[in-house]
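Novice: here's my sequence, what's the structure:
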Amino acid sequence: MKDAAVVSACIASRDAFDAVSHHVEPREFSPLAAHWWPLVAEWYNRDKSAKAIDPVMLRERGLRRTDEKHRETHAGWYDDLPDPISPENTVQELLEIKRTTTGLELASELTQPTASKSLPHLLERYNDLLTATSLERSDLIYAGDVDDVMDNLSVENKIPIYPKKLNDKVAGGLYPGDFLLIFAYPEMGKTLFCVNLVANWLRLGKKILYVGNEDKIHKIKYRVMLNLANMTKAESVKFQDTFKERGAARGVNDRLVAVHLHPGSVPEIEELVKEHQPDILVVDQIRNVGSAKSENNTSRMNQVAIDFRQLLSKHQILGVGVAQANPGEHGKKKLWLSYDDVEGSRTGLPSQSDVQIGISADVEMQTHHNRTVSICRNKESGDHEGIILSVDTERNKVL
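Specialist: Next up, the predicted model:
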């Protein structure tokens, strides 16, 4: 049984016990496992330095606390424990136990003639367990003394954003853990702005994880290379060797991980973050990311925004999310976008961001390769005055 694997792992490893102990509910264990689990917890709680449990001593202790009628049964269960597994796999075993137990509770509830008040909670809990990949507890980060605070918020710790005119608006950049939200109408340059950011971050030596779920991911990487090589498409074909050399020299092969994930979920994105350990995460577009916790689009977007922000904070990486702009009444487009013009999430998604920029243009501006950039949210400097930037769509640059 799966609970035997959990007990066995925790006997052999304090790390395994620490990974699951705060999430174990005795009701989810079989009666035999529920007898041994308190003894495991008691051992580690008594001796905080213990790295493992003496299995012989624990066996003797457990049998002493068993009445004679059940002693043989408990001894047989203990003696048949499987080989211990790693802490990570112990977590997965406990998740399976929780899914099974909650699934049985839900099935029982659904057979009742009248739904109880607990049904919505059970459904939500079961959905959460289906998408869960860990049982991690909340992380605690304490602010230290004055020197620690000043060092942490030093401008040297900021990651610049590009171009410089935009970077000046946010007082020199954003910190790891911050969230930059970019939104615009279709064909206004959302991805272009992202490509320009990524290329310049590569020039700085940063590692970037780019998660796309709309455009072909190979095209995204190609556009980054056009920026790095300062070439047009025609030039990249004509001078192909130089094109490749410039891209490789600036880290496009080593420090840019570009992956297509559709529809994707925040837990899946987090697995990629753990695997590749980037400095910066770009999700293009965030509206396509799924959440099992919500049914309608607005609540889904809001939940994804919360989960995405927590991911950035947990891993202390700068995040960029891309969203669409709401066309408004009668499909009329605005030249200067505002805080609540994000499609599908007028407050939830923007409220999770540290900096929110909206990109737009009228026909004349598009003809002259210009874009308005609205600074809808700016927790870095408080400067909300919009700016106009030029774009080079041939070389995928924002000037």
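Novice: looking at the chain, which helix or strand is least sure?
Specialist: Ranked by mean pLDDT, DSSP states H and E, the helix or strand of the chain with the weakest confidence is helix 119-131, at a mean of 74.
Novice: now do the buried residues in that helix.
Specialist: Leu122, Arg125, Tyr126, Leu129 (16 or more other C-beta atoms under 10 Å). The C-beta positions use only the backbone N, C-alpha and C, and glycine is treated the same way.
Novice: next SSE after it?
Specialist: Tracing the chain past helix 119-131, the next element assigned as helix or strand by DSSP states H and E is helix 146-152.
Novice: quick check: next helix or strand after that following helix?
Specialist: helix 164-169.
Novice: contact partners of that following helix?
Specialist: With contacts defined as C-beta atoms under 8 Å, 6 or more residues apart in numbering, helix 164-169 is touched by 160-161, 173, 357, 373, 375, 378, 381, 383, 385, 387, 389, 398.
Novice: relative to Trp36, which of these is nearest.
Specialist: Closest approach to Trp36 among the contacts of helix 164-169 (C-beta to C-beta): Gly173, at 53.6 Å.
Novice: how about the secondary structure of Val391?
Specialist: Here Val391 is strand, with the state taken from DSSP: H, G, I helix; E, B strand; the rest coil.
Novice: what's around it, how many residues?
Specialist: 22 (other C-beta atoms under 10 Å).
Novice: residues contacting it?
Specialist: By C-beta under 8 Å, 6+ apart, the residues touching Val391 are Gly189, Leu192, His369, Asn370, Arg371, Lys397, Val398, Leu399.
Novice: so who does the residue lying closest to Pro55 once chain neighbours are set aside touch?
Specialist: Distance criterion C-beta to C-beta, 6 or more residues apart in numbering; nearest residue to Pro55, sequence neighbours excluded, is Ile11 at 5.8 Å. By C-beta under 8 Å, 6+ apart, the contact list for Ile11 reads Val40, Ala52, Ile53, Pro55, Leu58, Leu81, Pro84.
Novice: any idea how far Ile11 lies from Asn127?
Specialist: 32 Å (C-beta to C-beta, to the nearest Å).
Novice: same check, this time on Arg61
Specialist: For Arg61 relative to Asn127 (C-beta to C-beta), the value is 40 Å.
Novice: can you give me the buried ones in stretch 362-374?
Specialist: Met365, Gln366, Arg371, Thr372, Val373, Ser374.
Novice: for the fourth one, phi and psi?
Specialist: Just to be clear, that refers to Thr372. Dihedral angles of Thr372 (phi, psi; degrees, to the nearest 10) stand at phi -80, psi 140.
Novice: give the contact list for it.
Specialist: Contacts of Thr372 (C-beta under 8 Å, 6+ apart): Leu335, Trp336, Leu337, Ile359, Ser360, Ala361, Met365, Gly386, Ile387, Ile388.
Novice: for the last one, same thing?
Specialist: The contact partners of Ser374, taken as C-beta under 8 Å, 6+ apart, are Trp336, Leu337, Ser338, Ile357, Gly358, Ile359, Ser360, Gly386.
Novice: do you know how far the last one is from Trp77?
Specialist: To tie it back to what came earlier, the one meant is Gly386. 69 Å.
Novice: now the helix ranked longest in the chain and helix 119-131, what's the angle there?
Specialist: The helix that spans the most residues within the chain, counting by DSSP state H, is helix 87-110. Counting by axes from the mean of the first three to the mean of the last three C-alpha atoms, to 10 degrees, helix 87-110 lies at 150 degrees to helix 119-131.
Novice: on that earlier part again, next structured bit after the helix or strand containing the residue nearest to Pro55?
Specialist: Assigned by DSSP H and E, Ile11 falls within helix 2-12. Per DSSP H and E, helix 2-12 leads on to helix 14-20 as the next helix or strand towards the C-terminus.
Novice: now do the buried residues in that following helix.
Specialist: Arg14, Ala16, Phe17, Ala19, Val20.
Novice: what's the closest of these to Lys221?
Specialist: Nearest to Lys221 among the buried residues of helix 14-20: Ala19, at 36.6 Å, using C-beta to C-beta.
Novice: from memory that closest one sits against Asn89, does it?
Specialist: No - assessed by C-beta atoms under 8 Å, Ala19 is found out of contact with Asn89, at 9.8 Å.
Novice: tally up the residues packed near the nearest residue to Asp279 once chain neighbours are set aside, please.
Specialist: The shortest distance from Asp279 to any non-neighbouring residue, by C-beta to C-beta, 6+ apart, is to Lys206 (4.4 Å). Applying other C-beta under 10 Å, we find 19 other residues in the vicinity of Lys206.
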